[in-house]
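Asks: only geometry, no sequence info:
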């Protein structure tokens, strides 16, 4: 199988017109999703890691449904996933407090639940803390996390 470095896929994805640069992300979203925030919840990761998770999960959209799945997966895969108040708190915030353009709807809620379930069922934990490197092979990363690109 051909070597596919995650860095190459990441670079290509970040060149797409729909990619949101860090300075374009609403401050409230940063407050909830940034691991350096005192208000972040389980599964929070820096933007680089979050983008790598998008690539590994093959969720390449920047739409709210793709974001909901990725966030759900990382929260469900967190070692703190058993604390269901985190799940409920984030979902309530995303459905009710997130600003326009980021706020979840019913489709997002379904994607979030689906991502949570997939992440929670993985034996390996804390993808949000994994040290992704540009040279790592995408197929090997998916095998390491027992991911089918159809997940």
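Replies: Arrived safely, thanks for sending. Owing to the predicted nature of the structure, the values given are computational and were not obtained by experimental measurement.
Asks: hmm, who's touching the one helix or strand residue 113 maps to?
Replies: Secondary structure assignment for residue 113, by DSSP states H and E: helix 106-120. Helix 106-120 is contacted from outside by 43, 64-78, 81, 87, 91, 94-95, 104, 127, 151, using Cβ atoms under 8 Å, 6 or more residues apart in numbering. The C-beta positions use only the backbone N, C-alpha and C, and glycine is treated the same way.
Asks: how about 7 Å then?
Replies: Residues from elsewhere that reach helix 106-120 (Cβ atoms under 7 Å, 6 or more residues apart in numbering): 64-65, 68-77, 81, 87, 91, 95, 104, 151.
Asks: For it, buried residues please.
Replies: Along helix 106-120, the positions that meet the burial threshold by neighbour count (16 or more other Cβ atoms under 10 Å) are 108, 109, 111, 112, 113, 114, 115, 116, 118, 119, 120.
Asks: quick one: pLDDT of the most centrally placed residue in the chain?
Replies: In the chain, the C-alpha closest to the average C-alpha coordinate belongs to residue 70, at a distance of 3.1 Å (Cα atoms, centre = their mean). In the prediction, the pLDDT value recorded for residue 70 is 96.
Asks: Begin at 882, not 1, for the rest of this chat.
Replies: Got it, first residue is 882 now, which makes that one residue 951.
Asks: I'd assumed it was in a strand, is it?
Replies: No - checked against DSSP: H, G, I helix; E, B strand; the rest coil, residue 951 lies outside a strand; its state is helix.
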